[in-house]
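Undergrad: Here you go, sequence then predicted model.
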Amino acid sequence: MESWFEPSFSWLPGSDFEQGDIFVDVVIPNIAEVDLDSEVEIPTRQGAFIVLTQSCDIPKNTSLLVAEMYSYQSLLEGPHVSVYRKSETKKRLIRNRLEHMFLLPPLASGALGWSVASFRNLHVVSTRVLNDVATSNSPVRFASPYKELLGESFARFMMRIAVPQPLDAFVSATIT
């Protein structure tokens, strides 16, 4: 699975990030948890995150969109274990058909086993914060074409439309 990642990548301070850069075991600000009605410290979130902002947009921005990542093992230990144990769920993940998640193979370093990026758990992080994080904990870079597959999967998730009358009747329709 090493071909999914750029083996010779080494992040240098001040370098641009790219879509698909993965940060493992880092702490980022969790702005969504801020209570604007009181004076409080900015809460943080520790975990693994993957950059979703398109690479061409990164130099133009002062903040990036990242998705939270979860080890598949942690999903098997969570409240929805019966769903994640099913071979059908695994097949959907392999084929990118579990719309809100993106499956990633284990990192060669062993820092993260099989994991998923959750498109439902997103954070906006300043590039300054990510630079500080990357200085002490270098990101892993996703290789092409896998970073483009990540972008396409995220776009497909964001552009889905719920319609008031789905075409489920087609399943039982008699067609002559």
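TA: The structure has been received and is ready for your questions. As the structure is a computational prediction, the values presented were derived from the model and not from experiment.

Undergrad: wait, what's in contact with Leu98?
TA: 89, 92 (C-beta atoms under 8 Å, 6 or more residues apart in numbering). Quick note: C-beta positions are derived from backbone N, CA and C, even for glycine.

Undergrad: part of a helix, is it?
TA: No: per DSSP: H, G, I helix; E, B strand; the rest coil, Leu98 lies outside any helix segment and is coil.

Undergrad: For Arg156, see how far away Gly78 is.
TA: 25 Å (C-beta to C-beta, to the nearest Å).

Undergrad: before we move on, what about Val81?
TA: 26 Å.

Undergrad: How about the contacts made by the residue most central in space within the chain?
TA: The residue lying closest to the centre of the chain (C-alpha atoms, centre = their mean) is Ala117, at 3.1 Å. Going by C-beta under 8 Å, 6+ apart, Ala117 touches 50, 67-69, 101-102, 104, 150.

Undergrad: Could you do Phe142 as well?
TA: Counted by C-beta under 8 Å, 6+ apart, Phe142 has contacts 4-6, 18-22, 50, 150.

Undergrad: gap between the two ends of stretch 81-96?
TA: The straight-line separation of the ends of stretch 81-96 (C-alpha to C-alpha, to the nearest Å) is 19 Å.

Undergrad: Apologies, that question was intended for stretch 74-84.
TA: End-to-end distance (C-alpha to C-alpha), stretch 74-84: 10 Å.

Undergrad: same for the lengthiest helix in the chain, what does it pack against?
TA: Counting by DSSP state H, the longest helix found in the chain is helix 146-158. Helices and strands touching helix 146-158, as assessed by 3 or more C-beta pairs under 8 Å, 6 or more residues apart in numbering; DSSP states H and E, comprise strand 101-104, strand 115-126.

Undergrad: Give me the mean pLDDT for the longest one.
TA: This predicted structure assigns strand 115-126 an average pLDDT of 95.

Undergrad: Regarding the closest residue to Pro106 other than its chain neighbours, what is its secondary structure?
TA: Closest residue to Pro106 apart from its sequence neighbours, by C-beta to C-beta, 6 or more residues apart in numbering: Gly113 at 4.7 Å. Judged by three-state DSSP, the three-state class of Gly113 is coil.

Undergrad: residues in contact with Gly113?
TA: Counting by C-beta under 8 Å, 6+ apart, Gly113 has contacts 71-73, 106.

Undergrad: Show me where the chain has its helices.
TA: Using DSSP H, helices in the chain cover 72-76, 81-85, 87-94, 127-136, 146-158.

Undergrad: Including distance to Pro166, could the ones you listed go into a markdown table?
TA: Below are the helices of the chain laid out as a markdown table (distance: least, C-beta to C-beta, whole Å):
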| stretch | distance to Pro166 |
| --- | --- |
| helix 72-76 | 28 |
| helix 81-85 | 22 |
| helix 87-94 | 19 |
| helix 127-136 | 40 |
| helix 146-158 | 18 |
